[in-house]
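> build me a structure from this.
(chains A and B)
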Amino acid sequence: DAGITQSPRHKVTETGTPVTLRCHQTENHRYMYWYRQDPGHGLRLIHYSYGVKDTDKGEVSDGYSVSRSKTEDFLLTLESATSSQTSVYFCAISGHRGYEQYFGPGTRLTVT
Amino acid sequence: AQSVTQLGSHVSVSEGALVLLRCNYSSSVPPYLFWYVQYPNQGLQLLLKYTSAATLVKGINGFEAEFKKSETSFHLTKPSAHMSDAAEYFCAVSVDSGGSNYKLTFGKGTLLTVNP
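Residues are numbered from 1 along each chain as shown, chains lettered A, B, ... in the order given. This next block holds a predicted model:
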């Protein structure tokens, strides 16, 4: 299995609070991704990174920001959490553009 | 824009029966195609991939898929279903988003139920 961990694995937070999710990899892969998974929507890309300090938006980036200061860590921040951001969040990594991605175990976030 | 359509959000088969999960894609350039499996409360695991080599691709757990360019399809099959195959399956296409970066676009998933 690819060495990907996500923390925390579960979190409950209140509307309006900031939340940061962490993805850590031990594979030294260049590309990292954040997705959210919701029933009926499959996986939707939030943001991705193609190198340290190089990030770009995905299809559902509103309300989210990311940072990548080291190859191994990719942080997803919800500046002010809303109930619509209740979801399961997955991190993924890839060593080559256009090739397969490997997924972390996910973080279940509930915003009350 | 590239897209993936999985026909059937829920497929139910009997143990030992053929599994067929359908995936059609839309892409203006030659695609890379993938199938992933997700077991309850877990992340996605790669089953198999097509990257412009052989059109019939074999994956883990006895699954295979055939790339048919004329039909823009990449259907997933397994000759004989096992109870442990019950999971959600996602088809994905690799998208050239410009520059040097690629993204995956996922279908909405097909939940496979295996009945004893």
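
> so who does the residue nearest the centre of chain A touch?
Here the mean C-alpha position of chain A is nearest to the C-alpha of residue A:34 (CA atoms, centre = their mean), at a distance of 2.9 Å. Applying CB atoms under 8 Å, 6 or more residues apart in numbering or on different chains, we find residue A:34 in contact with A:21, A:23, A:45-48, A:58, A:64, A:66, A:74, A:76, A:89-91. For the C-beta atoms, the positions are set from N, CA and C on the backbone; glycine is no exception.

> chain center to stretch A:67-87, what's the gap?
6 Å (CA atoms, centre = their mean, to the nearest Å).

> show me what counts as buried in it.
A:68, A:72, A:74-76, A:78, A:81, A:85-87 (16 or more other CB atoms under 10 Å in any protein chain shown).

> what bits of chain B have low per-residue confidence?
B:95-101 (pLDDT under 70).

> next SSE downstream of whichever strand or helix holds residue B:57?
Assigned by DSSP states H and E, residue B:57 falls within strand B:56-58. Downstream of strand B:56-58, the first helix or strand assigned by DSSP H and E is strand B:64-68.

> what's next to that following strand, contact-wise?
Contacts of strand B:64-68 (CB under 8 Å, 6+ apart): B:23, B:33, B:35, B:48, B:50, B:55-59, B:73-78.

> and it, which strands flank it?
Paired neighbours of strand B:64-68 in the sheet (DSSP bridges): strand B:56-58 (antiparallel), strand B:73-78 (antiparallel).

> could you measure the residue lying closest to residue B:65 once chain neighbours are set aside against residue B:8, distance?
Spatially, and ignoring its direct neighbours in sequence, residue B:65 is nearest to residue B:76 (4.8 Å; CB to CB, 6 or more residues apart in numbering or on different chains). Remark: distance between residue B:76 and residue B:8 (CB to CB, to the nearest Å) = 12 Å.
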